[in-house]
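A.B. asks: Fold the following, please.
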Amino acid sequence: MKVDVLPIGQFQENIYVLHDQGHVLIFDPGRYAKKVAETIGKDETVDGIILTHGHSDHTGAADDLNDMYHCGIYMNKKDYILVDPSYAGKHGFDSPVYSEVQDLSETMKIGIFDLKVHFTPGHTAGSVCVQYRNLLFAGDTLFAGSIGRTDLYSGNDQEMAQSLAYIKTLPHDLKVLPGHGPATTIGRELKTNPFLCYTEERWRLI
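C.D. replies: Predicted coordinates for the structure are as follows:
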């Protein structure tokens, strides 16, 4: 198993290309489809493209890559409105995806990849973290030392707090691959991330 990381664009969004047994999943391709394709071998099969949420810095190259590989695009249906061409540009940080988008379920298999999808609204209504083995593709829910903003369309502070409480229950050795910034682990964030290691009572005092 191997993961290529391509931090690109104005916001240095991390595109992840997951390779395993000659198969590939692409996570959050924001731009530069050709650069993504350069990481994929001619003998590899692309099983799918996963969008952790609907913001344009995570979705912008999805159509081009789907045209190249005919692999299917997957995201939480609660964020469909952010990629629906009928609403393009109306919510901020959204842009259209013209290919068919399929819904993610809690447990699913895409190609050879057995995935667990953690529904973690807060950054957007449809934000997810996707787990494959010991990897957690966290989108903009959780970063090293921080979390995703909640002041954009469909963001919600209360839902983010509930999602973070859920994330705290995940295995501490899970490797977190966030949408921006360096990798981390759940255990490290429980010790160092103020949004995870402080209790609600302590937050009230600072």
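
A.B. asks: got a list of what Phe143 touches?
C.D. replies: Contacts for Phe143 (C-beta atoms under 8 Å, 6 or more residues apart in numbering) come out as Pro178, Gly179, His180, Gly181, Thr184. Every C-beta, even on glycine, is put in place using the N, C-alpha and C of the backbone.

A.B. asks: who's it bridged to?
C.D. replies: For Phe143, the beta-bridge partners are Ser146 (DSSP bridges).

A.B. asks: now it: how far from Tyr87?
C.D. replies: 27 Å (C-beta to C-beta, to the nearest Å).

A.B. asks: what does Lys109 give?
C.D. replies: For Lys109 relative to Tyr87 (C-beta to C-beta), the value is 31 Å.

A.B. asks: Between these two, which has more neighbouring residues?
C.D. replies: Tyr87 (13 against 10; other C-beta atoms under 10 Å).

A.B. asks: Touching, that one and Asp94? I think so.
C.D. replies: Yes: using C-beta atoms under 8 Å, Tyr87 makes contact with Asp94 at a distance of 7.3 Å.

A.B. asks: What's the biggest helix in the chain, counting residues?
C.D. replies: Across the chain, the helix with the greatest residue count (assigned by DSSP state H) is helix 157-167.

A.B. asks: pLDDT (mean, whole number) over that helix?
C.D. replies: Averaging pLDDT along helix 157-167 gives 94.

A.B. asks: ranges for the helices of this structure?
C.D. replies: Taking DSSP H to define them, one finds helices in the chain at 33-38, 56-59, 62-69, 80-83, 157-167, 186-192, 194-197, 200-203.
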